[in-house]
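> what follows is a predicted protein model with its sequence.
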Amino acid sequence: MPQGDWIFDGDRSGVARERLYAVAADLISRDGFEAFTVDELAVRAHCSRATIYRHVGGKRQIRDAVLARLSARIVDVVRASVKDLTGAERVITAIEVAVTQIRSDPAGQLFVESVAGTRGGEWLAGSPEVTGLANELAGLSGDDPIAARWIVRLVLSLLFLPEQDARAERQLLRRYVAPAFAGAAAAP
C-alpha cells in the first residue's frame with residue numbers, strides 16, 4: 001500500500017468521500033457551481049471520474065452534499081448563539097447569525113447561487129427539514145410551520161436583498177420581526 005496516498009488511509013470510502021467533498025467545496029467556492037465540473041474535480045483530487053461517481057455521485061449529488069455540510073456548520077453556530085435566548089431576541093439573533101454565517105463562509109456563495117434565479121427558494125421555504133430547523137433555532141413552541149417558512153423567507157430575502165449594513169438590517173428585524181415574536185415561548 002502506498003504511504004500517504006489519501007485513498008488508502010483508514011476507511012477507504014469515508015476518506016475518499018471527505019477528500020472529494022473538501023476539494024469540491026474549494027472549487028465551488030472559488031469558481032461557482034456553474035463552472036464546477038467532475039473533470040476538474042478529478043484533476044484536482046488526483047483520481048478518476050469513475051472514483052468520483054463511485055464515492056460521491058455526480059454534480060448534483062456533490063452540490064447537495066457540499067450544501068448539507070455548509071448547513072450543518074451554520075446550524076451549529078446558530079444553536080450555540082441562541083441557546084440561552086427566548087422570544088423575539090432568539091428569533092432575531094438566529095436570523096442575524098444565519099445570514100452572517102452564510103455571507104462569511106466561502107461555500108455560502110454556493111448556497112446563494114443554488115437558489116438564485118431558480119425555484120430553490122421555494123424548495124427551501126417549504127422543506128420540512130429546513131422549516132423544522134428554523135422552528136427549533138427560532139425557539140418556537142410547538143410545530144409552527146407557517147412561522148418557520150416565514151423565517152426561512154426572511155433569511156433568503158436578506159441574502160438576496162441585503163440592507164446597506166448590519167445596523168440597518170438589525171433595525172429592520174427589530175421593527176418588523178420582533179413584534180411578531182414578542183410573545184413566543186421557547187421550545188422545550
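Noted; the coordinates are in hand.

> residue 145 contacts residue 135, doesn't it?
Yes - using Cβ atoms under 8 Å, residue 145 is in contact with residue 135, at 7.3 Å. C-beta here means a position set from N, CA and C on the backbone, and glycine is covered the same way.

> neighbour count winner among the two?
Shown here are residue 145 and residue 135; by other Cβ atoms under 10 Å, residue 135 has more neighbours (22 against 14).

> that one is in what secondary structure piece?
Element membership of residue 135 [criterion: DSSP states H and E] is helix 128-138.

> can you give me the mean pLDDT across the helix or strand just after that helix?
Following helix 128-138 in sequence order, the next helix or strand is helix 145-160 (DSSP H and E). Averaging pLDDT along helix 145-160 gives 84.

> what does stretch 48-64 give?
Stretch 48-64 shows a mean pLDDT of 91.

> same deal with stretch 71-82?
90.

> what's the answer for stretch 102-113, then?
When pLDDT is averaged along stretch 102-113, the result is 74.

> can you check stretch 22-31 too?
Rounded mean pLDDT across stretch 22-31 is 86.

> mind splitting this protein into its structural domains?
Segmentation of the chain into domains, based on automatic domain parsing, reads 6-57, 66-181.

> where do the helices sit along this protein?
12-31, 38-45, 49-56, 59-82, 87-104, 108-115, 120-126, 128-138, 145-160, 166-172 (DSSP state H).
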